[in-house]
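Student: Model the following, please.
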Amino acid sequence: MTAFESYFLNKEFVWKPGLERIKKAVASLDFSFPPSVIVAGTNGKGSTSSFIASILKAHGVRTGLFTSPHLLEFNERFRIDLEPVDTGLLDRAFLNLLPVIEENSLTYFEAAFLLSLYLFKDCDFVVYEVGLGGRLDATNSIEHNLAVITHIDYDHKDYLGETIEEIATEKLHVVKNRIPVVISQNRKVVFDIATEFTDEIYAFGSDFNVFSVRVTSEGTKGIYSDKEITFPFNLSVYGKHQAINAATGIFTAKKVLKELLCLKVDISKIKGAVSSVTIPGRFEILRRKPFFIVDVAHNIDAVGRFVETLGMLGISVDIVYSGLKDKDFNAIFKLFKSYTDEAGTELFLVPIKNPRGFSYKELKEKYGKEATVLESLKGEVLKKDVAVVGSFYLISDVLNGNFK
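Tutor: Here you go, the predicted model:
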């Protein structure tokens, strides 16, 4: 366990709106920050951020990558050239910053972001993934050179709003001081609202695109195209949505290399970089005979893309699902129920060890007539063709082997 985790172990783990605390903490730092891109959106943030960072690394750019949450180790949140920062360095950095963290009563995420600033201060470029929303997220407390908006859909309605317009507006607030923004595949209203924030918009479908997407047992293939170049690419990850994330990452990385870092773009390096990206917990195939897949899809849009990918691969699996109460659990349950009924497979529900999760009793009362409710995740269920899908808490338990 890192010193950071030990410090926050028994402290309140909540999201507190407002940038006052983190801005004051940032202002007290005595070093400057490298140029950076901020990546916001509902789904695809982590994948797109990884594609950008991988391409920059392949071009010799020392690249910091800040993402959240982590699946197995806290160190995953802080990567330099795609490698997690080692615990010794993390602990030294944290202890150096502890007086600032305490003085400003920073939350877990605010302190993690502050830690990333310290860890990445000697990088050439940094990719910051937004934690929640955009307007009031800690990553939005500093100035960035470029913004990326991945696919926007319904999630965190309590914080971000009930409509796509409200959610998009919250997220587009990362486009400060009219910096350029790259927008991935989205509803038209997202592009319309973006014009209120900047005059420099680069849009999927017009400025860059992806064609001829195929999902195979080896990964995903597609053809990237923009106004300058067209080339085929192969990905190790699965899904049409990942081809779109890769295209968004390629276009963004090209802009960073050419316009911010004044470096020559090498297509062969881009192709190698995107093919090497692996993203734990995103349609991750842990076993093939029989299939054992895990995915952190936990909102209706992400679950829809997960089911679409199963269809493109021609895979029929049992589903083990669990999510938090503040997600659209009922809609996701119906989608999975429709899939398993059509595929002739089983649907299992399992409680999560989290105050925001449903208990076994609650799941049994509400869904027990339509699905098999397990008291805990059991190894027997995982012996057939199966996918475990849902909350990061659930997938983390699976990857850590926390089941009977």
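
Student: Tell me the spacing between residue 235 and residue 275.
Tutor: Distance, residue 235 to residue 275, using Cβ to Cβ, to the nearest Å: 6 Å. Backbone N, C-alpha and C define where each C-beta goes, glycine included.

Student: With residue 221 instead?
Tutor: 10 Å.

Student: intersection of neighbour lists for those two?
Tutor: Residues touching both residue 221 and residue 275 (Cβ atoms under 8 Å, 6 or more residues apart in numbering) are 233-235.

Student: Sitting in strands, which of these do you find?
Tutor: In this view, the shared contacts of residue 221 and residue 275 that belong to strands under DSSP state E are 233-235.

Student: Considering the shared contacts of residue 221 and residue 275, which is situated nearest to residue 245?
Tutor: Residue 245 lies nearest to residue 235 out of the shared contacts of residue 221 and residue 275, by Cβ to Cβ, at 9.1 Å.

Student: Quick one: neighbours of the closest one, just the number.
Tutor: The number of residues packed near residue 235 is 25, by other Cβ atoms under 10 Å.

Student: Please enumerate the helices of the stretch 51-200 of the chain.
Tutor: Ranges of helices within the stretch 51-200 of the chain are 87-103, 108-119, 157-160, 164-172, 188-194, based on DSSP state H, counting those that start in this stretch.

Student: Tell me which of those helices is the most buried.
Tutor: Sort the helices of the stretch 51-200 of the chain by mean neighbour count, taking mean count of other Cβ atoms under 10 Å, and helix 108-119 sits at the top with a mean of 23.

Student: Would you mind writing the CA trace of it as CSV?
Tutor: Once non-C-alpha atoms are left out, helix 108-119 reads as follows in CSV (Å, rounded to 0.1, in the frame of the first residue of the first chain):
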residue,chain,number,x,y,z
TYR,A,108,-8.7,11.9,-2.5
PHE,A,109,-9.1,12.9,-6.2
GLU,A,110,-7.8,16.4,-5.7
ALA,A,111,-4.8,15.1,-3.9
ALA,A,112,-4.2,12.5,-6.6
PHE,A,113,-4.3,15.2,-9.2
LEU,A,114,-1.8,17.4,-7.2
LEU,A,115,0.4,14.4,-7.0
SER,A,116,0.3,13.9,-10.8
LEU,A,117,1.5,17.5,-11.3
TYR,A,118,4.5,16.8,-9.1
LEU,A,119,5.3,13.4,-10.7
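
Student: mind starting the numbering at 25 from now?
Tutor: Got it, the first residue is 25 from now on, which makes the last one we talked about helix 132-143.

Student: which regions of the stretch 75-224 of the chain sit below the pLDDT cut-off?
Tutor: The stretch 75-224 of the chain contains residues with pLDDT under 70 at 179-185.

Student: My guess is residue 309 contacts residue 316. True?
Tutor: Yes - in terms of Cβ atoms under 8 Å, residue 309 counts as a neighbour of residue 316; the distance is 7.3 Å.

Student: out of the two, which sits in the busier spot?
Tutor: Shown here are residue 309 and residue 316; by other Cβ under 10 Å, residue 316 has more neighbours (19 against 15).

Student: Check what contacts the helix or strand that the more buried one is a member of and list those residues.
Tutor: With elements taken from DSSP states H and E, the one containing residue 316 is strand 315-319. Residues outside strand 315-319 that contact it (Cβ under 8 Å, 6+ apart) are 305-310, 326, 330, 339, 341, 406, 409-413, 419, 422-423.

Student: Please apply the same query to stretch 30-43.
Tutor: 25, 118, 122, 131-133, 135, 155-156, 160, 162, 164-165, 183.

Student: could I get those residues as CSV with distance to residue 250?
Tutor: What follows is the contacts of stretch 30-43, written out as CSV (distance: Cβ to Cβ, whole Å):
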residue, distance to residue 250
25, 45
118, 41
122, 45
131, 39
132, 39
133, 34
135, 39
155, 30
156, 31
160, 33
162, 32
164, 27
165, 32
183, 34
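
Student: Give me the neighbour count for the nearest residue to residue 84 once chain neighbours are set aside.
Tutor: Closest residue to residue 84 apart from its sequence neighbours, by Cβ to Cβ, 6 or more residues apart in numbering: residue 287 at 7.8 Å. Neighbour count for residue 287, taken as other Cβ under 10 Å: 15.

Student: Residue 287: what's it in contact with?
Tutor: Per Cβ under 8 Å, 6+ apart, neighbours of residue 287: 83-85, 281.

Student: Just put those in a markdown table and tack on neighbour count.
Tutor: Putting the contacts of residue 287 into a markdown table (neighbours: other Cβ atoms under 10 Å) gives the following:
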| residue | neighbour count |
| --- | --- |
| 83 | 19 |
| 84 | 13 |
| 85 | 20 |
| 281 | 21 |
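
Student: and which of those residues is nearest to residue 353?
Tutor: residue 85 (41.5 Å).

Student: I'd like the distance between the closest one and residue 147.
Tutor: Residue 85 is 8 Å from residue 147, by Cβ to Cβ.

Student: again with residue 99
Tutor: 16 Å.

Student: Of these two, give the one with the bigger neighbour count.
Tutor: Taking neighbours as other Cβ under 10 Å, residue 99 and residue 147 compare with residue 147 leading, 20 against 17.

Student: which residues does that one contact?
Tutor: Counted by Cβ under 8 Å, 6+ apart, residue 147 has contacts 58, 86-88, 104.

Student: follow-up on the earlier one: is it possible to get CSV of the helices of the stretch 75-224 of the chain that adds distance to residue 171?
Tutor: Compiled in CSV, those are given as follows (distance: least, Cβ to Cβ, whole Å):
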stretch, distance to residue 171
helix 111-127, 26
helix 132-143, 16
helix 181-184, 17
helix 188-196, 8
helix 212-218, 9
